[in-house]
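[1] Predicted model and sequence below, questions to follow.
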Amino acid sequence: MATCSSTYFFLSLMVALSFSSIHLIEAGRHLKQTSQPAIPIIPQLLTMPNLPKATLPPLPSNTSLPTIPTFPKPTLPTKPTIPKVTLPSLPASSLPSIPTNIPTTIPSFPFLSPPPSN
């Protein structure tokens, strides 16, 4: 049911697009056949009045910056010593052994059994 309605929708969409393109072609042809319109005269814009120049006070020639005082550096407190922690050793038998030979063939498994015979 959904396929039928989508088919009709696309068919009606294509018909609408084809009719709209015909009108666009006719409108373009009509515009091409008409004479050129007269170019309107744009009025002159008002001129911007000259603004007075801003007068700034003169900058000081040699400004001496104040010196930064030097302060004595504070001493940091000493860090307390942390006792060294030793971890117990792991037993060697708890780790699995790595296989030395890796099989290169995949064993076959019967997925479907044959039907029973009567």
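    Here it is on my side, so go on. Residues are numbered from 1 along each chain as shown.
[2] Three-state assignment for I25, please.
    helix (DSSP: H, G, I helix; E, B strand; the rest coil).
[3] and the gap between it and S18?
    11 Å (C-beta to C-beta, to the nearest Å). Just so you know, the C-beta spots here come from the backbone N, C-alpha and C atoms, and that holds for glycine as well.
[4] And for P91?
    84 Å.
[5] Could you export stretch 46-54 as PDB, CA atoms only?
    Taking Å, rounded to 0.1, in the frame of the first residue of the first chain, the C-alpha atoms of stretch 46-54 are listed here in PDB:
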ATOM      1  CA  LEU A  46      24.100  64.600   0.300                       C
ATOM      2  CA  THR A  47      27.800  65.200   1.000                       C
ATOM      3  CA  MET A  48      29.300  64.600   4.400                       C
ATOM      4  CA  PRO A  49      30.300  67.800   6.200                       C
ATOM      5  CA  ASN A  50      33.900  68.100   7.200                       C
ATOM      6  CA  LEU A  51      34.300  67.400  10.900                       C
ATOM      7  CA  PRO A  52      36.700  69.500  13.000                       C
ATOM      8  CA  LYS A  53      40.100  67.900  13.800                       C
ATOM      9  CA  ALA A  54      40.400  66.600  17.300                       C
END
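[6] Brilliant, that's me finished.
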